[in-house]
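Asks: After the sequence you'll find the predicted model.
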Amino acid sequence: MIRFADRKLDRNAPCWCGSGKKYKNCHEAFDEKIREFELQGHEVPDHSLIKTQAQIQGIRDSAKINIAVLDEVASKIRVGMSTEEIDEIVYRTTVAAGAIPAPLHYEGFPKSVCTSIGPEVCHGIPSDDRFLTDGSIVNVDCSTIYKGFFSDSSRMFCIGDVSEENRRLVQVTKECVEIGIRNVIPWTFLGDMGDKVHQHAIENGYTVVREIGGHGCGLAFHEDPYVSYVSTPGTEMLMVPGMVFTIEPMVNMGSDAIYQDAENGWTIYTEDGKASAQWEVQVLVTDTGCEVLAH
Ligand code: MF3
Ligand code: CO
């Protein structure tokens with residue numbers, strides 16, 4: 001791959017961002033700024049990770065459907081419901097909006113949504129013999145494809161009478177995402193943001209899953225960069241306006257050790273059987289911070 005620093009673009013040619021303006025009057029100074037970070041040895045985004053205005057609008061429209069699907073789940077979810085019923089709500093609502101549930105058949109995933117209960121960290125598969133019992137906490141992770149644009153967000157639901165201990169896990173994990181959102185600051189690093197998320201979890205006595213994190217998302221389900229929440233400040237990719245990625249820390253009550261279901265090849269569990277929680281938002285980096293696209 002050609003390094004950013006070595007590229008020479010025609011200053012009078014139309015800008016790569018699709019604005020129709022000449023490069024010298026559009027993204028030239030922006031590219032120069034990125035180049036300086038790259039020369040300092042930092043990981044920087046390729047132009048392919050910086051969305052055009054038209055792409056951003058497409059992702060926004062997809063995200064609106066994703067939010068509406070989760071709102072529909074929120075209005076229907078209750079004690080005694082099977083996770084299969086959640087899957088049916090997601091499928092029906094998504095298709096009614098003219099969209100496609102992104103998980104369905106994704107790398108062989110058999111359902112339209114992930115439903116992860118208690119010690120299930122993520123990628124729980126909906127099933128008609130899995131029920132939401134009184135006191136359980138469940139993550140519902142929705143992803144939508146609309147006109148070729150991808151959106152991705154997830155929420156936790158407290159079912160019936162949830163213990164104080166589990167409620168606190170759900171609440172602190174939500175705060176972790178809010179802190180992540182506040183730390184999406186252009187021209188700082190993903191590692192700065194991820195570390196802030198991690199610190200909040202640790203301060204509350206929890207751990208954060210290391211092996212799975214967030215990702216770029218918009219033109220494909222999973223794009224670069226990988227977004228860690230156990231990162232070091234000043235490392236990982238530079239955040240610049242126009243990037244779109246998810247903030248989705250998985251926070252464990254006990255140890256951060258996890259394992260994968262050997263039979264279904266998907267579901268991830270905590271090694272110690274203690275609860276795990278996750279909230280996920282999809283954000284667009286702006287000139288001043290970020291815009292939450294999906295939540
Ligand atoms: N939001 C989840 C992720 O980004 C959705 C996974 S869907 C699955 O990993 F099909 F991969 F399970
Ligand atoms: Co995701």
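Replies: Sure, I can see it. Ligands and ions are numbered 1, 2, ... in the order given.

Asks: could you pull out the strands for the stretch 1-150 of the chain?
Replies: 100-101, 114-117, 120-122, 137-146, 149-158 (DSSP state E, counting those that start in this stretch).

Asks: Dump these into JSON lines; add distance to Glu28 and mean neighbour count as well.
Replies: To be clear about C-beta, it is placed using only N, CA and C from the backbone, and glycine gets the same treatment. Formatted as JSON lines, the entries for those read as follows, by distance: least, Cβ to Cβ, whole Å; neighbours: other Cβ atoms under 10 Å:
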{"stretch": "strand 100-101", "distance to Glu28": "38", "mean neighbour count": "22"}
{"stretch": "strand 114-117", "distance to Glu28": "42", "mean neighbour count": "26"}
{"stretch": "strand 120-122", "distance to Glu28": "41", "mean neighbour count": "23"}
{"stretch": "strand 137-146", "distance to Glu28": "33", "mean neighbour count": "25"}
{"stretch": "strand 149-158", "distance to Glu28": "28", "mean neighbour count": "24"}
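
Asks: got a markdown table for those strands, with mean pLDDT and distance to Thr188 too?
Replies: What follows is the strands of the stretch 1-150 of the chain, written out as a markdown table (pLDDT from 0 to 100; distance: least, Cβ to Cβ, whole Å):
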| stretch | mean pLDDT | distance to Thr188 |
| --- | --- | --- |
| strand 100-101 | 98 | 34 |
| strand 114-117 | 98 | 30 |
| strand 120-122 | 98 | 27 |
| strand 137-146 | 98 | 27 |
| strand 149-158 | 98 | 23 |
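
Asks: would JSON lines of the ones you listed with distance to Asn252 be doable?
Replies: Shown next, in JSON lines, are the strands of the stretch 1-150 of the chain (distance: least, Cβ to Cβ, whole Å):
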{"stretch": "strand 100-101", "distance to Asn252": "27"}
{"stretch": "strand 114-117", "distance to Asn252": "12"}
{"stretch": "strand 120-122", "distance to Asn252": "7"}
{"stretch": "strand 137-146", "distance to Asn252": "12"}
{"stretch": "strand 149-158", "distance to Asn252": "14"}
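
Asks: just so I know, which of those lies nearest Lys8?
Replies: Of all the strands of the stretch 1-150 of the chain, strand 149-158 sits nearest to Lys8, with 31.6 Å by Cβ to Cβ.

Asks: That closest one: what's the following helix or strand?
Replies: helix 164-182 (DSSP states H and E).

Asks: pLDDT below threshold where in the stretch 51-200 of the chain?
Replies: The stretch 51-200 of the chain contains no residues with pLDDT under 70.

Asks: Can you tell me the closest non-neighbouring residue to Leu190?
Replies: Excluding its sequence neighbours, the residue lying closest to Leu190 (Cβ to Cβ, 6 or more residues apart in numbering) is Glu236, at 3.8 Å.
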